[in-house]
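Novice: kindly return the folded structure for what I paste below:
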Amino acid sequence: MSDGAQRNSRRPGVTAREWVEFCVVRMFVGCLGILPRRLARAVGAGIGWLAFQLLGRLRKVGLRNLELAFPMKPASERETILRAVYRNLGYLLAEFCQMPGYTREQASRFIHYDGLENYLTARERGKGVLVLTGHLGAWELSSFYHSLMGYPMGMVIRRLDNPLVDEFVNRIRCLHGNRVIHKDDFARGLIATMRAGETVGILMDTNMTPPQGVFVPFFGVQACTASGMARIALKTGAAVVPGFLFWEQREQRYVLRFGEELNLVRTADSEEDAVANTALFTSVIERYVREYPEQWLWMHRRWKTRPPGETGIY
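Specialist: Numbering: from 1, shown residues only. As a prediction, the model looks like this:
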């Protein structure tokens, strides 16, 4: 047993179940991490296929979301998209397990930038950069690669239920200078980071509840969406730049794409501005999801929270 594992086993408050879960995760990541990358991705794709077959509840949610977003597509096409989503999640699982061994030279063989100048120009303003992103493409690999290439950033994430797994996963995420900002320290941590002129990536495509969330259109359906990113950007003057890492099937490699800095709505009404800019950010995410529908996390119940008086979608 390693020194780190021994420390974890003695940590107060850690249950036997959490310890077993951690050992399983650690062993799985280690096994997939030592395989050749191509084989690891094949194994990941196989796991994705199996998950599609076995996880009927998530499959049902995914198909329902695709029906909402693409009502004109035939059911067979929506199912094909969802199958591809599971395959790409399998790829991402494999990449995460492989990440600790990646070097700049190695990773650059299958990842390249598109629009890096957009990010660098925004950073040069000195007021911080908020990278608008989501559970689209290879989101875990994107911030890791960016840090590997010399651009470490903060990441706003939710703590995992198992503290041992949470620590282990974050250790991999932060191998090259990234740092984690937990959602329970969102506002204070983010404002300080922007004032220091740093970069933070925010996954802004998950279901929220009021008052943290406001209702804005997403694929023509009102979706309760976190408004914190818009409020922080307006308060600090930070630049907001879209950033996503997509798998390009024809190229058989990833592209880390940074869009141009977004022009925010600024009026005398700060509350209306927050809603308008949250709608703007959501529309940008929707545009990318439409371009890469097989790479978004359709199994998330994105439209779970409904406006008052509306019946549930799921």
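Novice: quick check: Met99 vs Gly56, distance?
Specialist: According to C-beta to C-beta, to the nearest Å, Met99 stands 31 Å off from Gly56. Any C-beta I mention is one placed from the backbone N, CA and C, and that applies to glycine too.
Novice: neighbour-wise, which of these two wins?
Specialist: Taking other C-beta atoms under 10 Å, Met99 and Gly56 do not tie; Met99 has more neighbours (20 against 9).
Novice: could you measure the nearest residue to the more buried one once chain neighbours are set aside against Arg171, distance?
Specialist: Computed as C-beta to C-beta, 6 or more residues apart in numbering, the closest residue to Met99 that is not its neighbour in sequence is Phe144, at 5.3 Å. The gap separating Phe144 from Arg171 is 12 Å, by C-beta to C-beta.
Novice: which one's more surrounded, these two?
Specialist: Per other C-beta under 10 Å, whichever of Phe144 and Arg171 has more neighbours is Phe144, with 27 against 12.
Novice: and the more buried one, which of the three is it?
Specialist: Here Phe144 is recorded as helix under DSSP: H, G, I helix; E, B strand; the rest coil.
Novice: what residues are up against it?
Specialist: Applying C-beta atoms under 8 Å, 6 or more residues apart in numbering, we find Phe144 in contact with Met99, Tyr102, Ile172, Arg173, Leu175, His176, Asn178.
Novice: and what of Lys73?
Specialist: Leu66, Ile81.
Novice: now with 10 Å, please.
Specialist: Leu66, Glu67, Glu79, Thr80, Ile81, Pro293 (C-beta atoms under 10 Å, 6 or more residues apart in numbering).
Novice: cool, Leu297 as well?
Specialist: With C-beta under 10 Å, 6+ apart, Leu297 has these contacts: 62, 65, 85, 88-89, 134-136, 139, 203, 205-206, 289.
Novice: just give me the closest of these to Val241.
Specialist: Nearest to Val241 among these, counting by C-beta to C-beta, is Gly134 at 13.6 Å.
Novice: helices along the chain, start to end?
Specialist: All helices of the chain, identified by DSSP state H, fall at 3-9, 16-34, 37-54, 56-69, 75-98, 104-107, 116-124, 139-148, 163-173, 186-195, 228-236, 270-291.
Novice: please identify which of those helices is closest to Trp298.
Specialist: helix 56-69 (4.1 Å).
Novice: which residues does that closest one contact?
Specialist: Residues outside helix 56-69 that contact it (C-beta under 10 Å, 6+ apart) are 51-53, 55, 73, 75, 77-79, 81-83, 85-86, 218-221, 223, 286, 289-290, 293, 296-304, 313-314.
Novice: Glu198 contacts Gly154, correct?
Specialist: Yes - Glu198 is within contact range of Gly154, at 6.4 Å (criterion: C-beta atoms under 10 Å).
Novice: quick one: which of the two has more around it?
Specialist: Taking other C-beta under 10 Å, Glu198 and Gly154 do not tie; Gly154 has more neighbours (24 against 17).
Novice: count of residues packed around the nearest residue to the more buried one once chain neighbours are set aside?
Specialist: The shortest distance from Gly154 to any non-neighbouring residue, by C-beta to C-beta, 6+ apart, is to Val200 (4.0 Å). Neighbour count for Val200, taken as other C-beta under 10 Å: 23.
Novice: can you pull the pLDDT of Arg188?
Specialist: Arg188 is assigned 78 on the pLDDT scale.
Novice: residues near it, how many?
Specialist: Arg188: 9 neighbours (other C-beta under 10 Å).
Novice: next: Gly309.
Specialist: Neighbour tally, Gly309, other C-beta under 10 Å: 5.
Novice: please report how far it lies from Ser227.
Specialist: 21 Å.
Novice: start and end of stretch 215-235, how far apart?
Specialist: Using C-alpha to C-alpha, to the nearest Å, one end of stretch 215-235 lies 21 Å from the other.
Novice: and it, what's its mean pLDDT?
Specialist: Here stretch 215-235 scores 97 as its mean pLDDT.
Novice: same check, this time on stretch 137-152
Specialist: For stretch 137-152, the per-residue pLDDT averages 98.
Novice: how far does that stretch sit from its chain's centre?
Specialist: 11 Å (C-alpha atoms, centre = their mean, to the nearest Å).
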